[in-house]
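In: prediction below, plus the sequence it came from.
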Amino acid sequence: TTSVQLNTELTQELRNEGLARELVRNVQQARKDAGLDVENYIELVLNTTDDQLLQAIKQCKDFIQTEVLATTLTMNTDSFDYENHAKIEGNEVLISLQKVSK
């Protein structure tokens, strides 16, 4: 018989990826709520004081930008006119975005 052992330890890297996916879901909802079309590119600001979320955004920045069509993603800076508050694992994040004018 062959024995297989699974490593079920949740590393910080995997945890960050999960947080990033949850951020993407919330940004996609914010895009929809803002009345943007699926193909519209955006500029995105994510404001949070939570260290876990900040770490996840830094680690997964390219993934987040690609998934939500963000030409820019900045953290903890001035926000745009459209804002949406979200909670991710009990931590507050302010999603602010605007359509890129082309």
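Out: That came through, no problem. Bear in mind that the values here come from a model prediction, so they are computed numbers and not experimental data.
In: in contact with Asn40, which residues?
Out: Listed by Cβ atoms under 8 Å, 6 or more residues apart in numbering, the contact set of Asn40 reads 31, 69, 99-100. Any C-beta I mention is one placed from the backbone N, CA and C, and that applies to glycine too.
In: give me that answer again for 6 Å
Out: Going by Cβ atoms under 6 Å, 6 or more residues apart in numbering, Asn40 touches Lys99.
In: ok, it to Glu13 distance?
Out: 31 Å (Cβ to Cβ, to the nearest Å).
In: repeat that for Asp37.
Out: 33 Å.
In: any idea which helix or strand carries the residue nearest to Asn84 when sequence neighbours are not counted?
Out: Closest residue to Asn84 apart from its sequence neighbours, by Cβ to Cβ, 6 or more residues apart in numbering: Ala30 at 4.0 Å. Assigning secondary structure by DSSP states H and E places Ala30 in helix 12-33.
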